[in-house]
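# starting from these lines, generate the structure:
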Amino acid sequence: MPLCPIRLDGPRPNSDELANDVRLGLGRRPKHLPSKYFYDARGSHLFEQICVQPEYYLTRTELAIMRDYAGAIAAVLGPEVLLLEYGSGTGIKTRLLLEHLQRPAAYMPVELAHDALSASVAHLHAALPELEILPVCADFTQPVSPVQPRGRRRRTVVYFPGSTIGNFDGADGVALLRKMRAEMGPNGGALIGIDLKKDPAVIEAAYNDAAGITAQFTLNLLMRLNRELGADFDLAAFRHRAIYNRIAGCIETHLISVRKQDVHVAGITAHFAAGEAMLVELSCKYALEDFARLAAEAGLRVAQVWTDAERLFCVQYLVRDAGVAQAGAQGCDGAR
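Residues are numbered from 1 along each chain as shown. Presented below is the predicted three-dimensional model:
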């Protein structure tokens, strides 16, 4: 089956959007830069290296779950599924799932980074040439226009692996789940990777690997701003720090200014005090009951959970909660 061209949904991110986000973030107290800008070409490559570090349990554990339970997951999803993935990644877990699905209708990856999307789609197309792939270059947090596959579609399943849901805290997480609820349709579902609460030392080690790859990944954000916005961040004047906040249940990743300094970026001057922390990423961890409550706020219920023996990570299948009142359901859909 020929590969469909990559469709653009909405405008491609540009330097004006990046500059505006940076100005807004540096004007906040505390300062904050959006984590979605980590993933330029170098950032994506560094993240692949992070995933194979011995301390980073998340990727290998989720992959093991998919290897052990892909058949069981596929049986729950049923035949003729349109798999709509938020963020295409390297596609290894996706391929495992697609290989077990019965007569999948199509695969629709939604990814902001055009080069990463092209590479993952090419690899998957080579492995599964009969599968219809409908790639969309877009920000998955924005509404995604529906795509009608050539084959019969019985249901749409939103696939969101990798525990990225943890980057959306509180109201933002509920809003994203409501968006999934709208896009999956009345008889669809959402298959989501979720990092579970555990020994904080294990969590912190995953975000502070001994090889320093995560530190390079975090600092690469400043390198990108220097390159794309003409900023003058001195990378040697910032250091990476990731600490688990037990009360919030989140890893908080900051870049710490090691001295008093001024940085010029996007037409503004940002003043940093010595020791000042700039938030660049949140990564929330959940107990099973925590995530069930979050899903319920979005009008969803947990239908199935698959986890590893050590309960480090889980994959959950969510469906619409039939007990949600119609008015509430309409409110969720309107959140798109």
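
# how about residue 161, what does it touch?
Applying CB atoms under 8 Å, 6 or more residues apart in numbering to residue 161 gives the contacts 62, 85, 89, 93, 94, 191, 192, 193, 315. The C-beta positions use only the backbone N, C-alpha and C, and glycine is treated the same way.

# what pLDDT does it get?
On the pLDDT scale, residue 161 is placed at 95.

# who's in contact with residue 230?
Going by CB under 8 Å, 6+ apart, residue 230 touches residue 265.

# how near is it to residue 21?
Between residue 230 and residue 21 the computed distance is 16 Å (CB to CB, to the nearest Å).

# in this protein, spot the helix with the most residues.
For the chain, the helix with the greatest residue count under DSSP state H is helix 57-77.

# adjacent strands (with direction) for the very next helix or strand once past that helix?
Using DSSP states H and E, the helix or strand that follows helix 57-77 in sequence is strand 81-86. Strand 81-86 has the following sheet partners, assigned by DSSP bridges: strand 106-111 (parallel), strand 155-160 (parallel).

# and the ones you listed: which comes nearest residue 175?
strand 155-160 (13.7 Å; CB to CB).

# list the contacts of residue 40.
Counting by CB under 8 Å, 6+ apart, residue 40 has contacts 113, 220, 224.

# mind doing that once more with 7 Å?
Residues near residue 40 by CB atoms under 7 Å, 6 or more residues apart in numbering: residue 224.

# which SS class is residue 323?
coil (DSSP: H, G, I helix; E, B strand; the rest coil).

# that one - nearest residue in space that isn't next to it in sequence?
Nearest residue to residue 323, sequence neighbours excluded (CB to CB, 6 or more residues apart in numbering): residue 301, at 8.0 Å.

# cool, and residue 238?
Nearest to residue 238 is residue 255, by CB to CB, 6+ apart, at 4.6 Å.

# the one you found - how many residues pack around it?
For residue 255, the tally of surrounding residues (other CB atoms under 10 Å) stands at 26.

# name the element it belongs to?
Here residue 255 sits within strand 250-257, counting by DSSP H and E.

# and that strand, how far from the chain's centre?
The chain centroid and the centroid of strand 250-257 are separated by 18 Å, computed with CA atoms, centre = their mean, to the nearest Å.

# which SSE is immediately downstream of that strand?
strand 261-265.

# show the average pLDDT along that following strand.
98.

# mind listing what's buried in the next helix or strand after that strand?
Per DSSP H and E, the first helix or strand lying C-terminal to strand 261-265 is strand 268-272. Buried residues in strand 268-272, counted by 16 or more other CB atoms under 10 Å: 270, 272.

# now residue 162: how far from residue 191?
Distance from residue 162 to residue 191, by CB to CB: 12 Å.

# now the terminal residues of stretch 139-151, how far apart.
Start and end residues of stretch 139-151 are separated by 26 Å (CA to CA, to the nearest Å).

# helices or strands up against the strand holding residue 255?
Counting contacts by 3 or more CB pairs under 7 Å, 6 or more residues apart in numbering; DSSP states H and E, strand 250-257 packs against strand 238-245, strand 277-284.

# okay, those strands in TSV with distance to residue 57 next?
As requested, the helices and strands packed on strand 250-257 are arranged in TSV below (distance: least, CB to CB, whole Å):
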stretch	distance to residue 57
strand 238-245	14
strand 277-284	13
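
# comparing the ones you listed, which comes out most buried?
strand 277-284 (a mean of 21; mean count of other CB atoms under 10 Å).

# how far off centre is it?
With CA atoms, centre = their mean, you get 14 Å for strand 277-284.

# give the next helix or strand downstream of it.
Downstream of strand 277-284, the first helix or strand assigned by DSSP H and E is helix 288-297.

# contacts for that next one?
Outside helix 288-297, the residues touching it (CB under 7 Å, 6+ apart) are 173, 174, 177, 194, 301, 302, 305, 316, 318, 321.

# ok, what's across the strand from the fourth one?
Okay, so that is residue 194. residue 314.

# so how far is residue 112 from it?
Residue 194 is 22 Å from residue 112, by CB to CB.

# compare neighbour counts for the two and give me the winner.
Set residue 194 next to residue 112 and count neighbours by other CB under 10 Å: residue 194 wins out with 25 against 19.

# enumerate every residue touching residue 318.
189, 190, 192, 295, 300, 301, 302, 303.

# low-confidence ranges in the chain?
1-3, 7-14, 89-90, 146, 324-336 (pLDDT under 70).

# pick the one among the contacts of residue 161 closest to residue 47.
residue 89 (9.0 Å).
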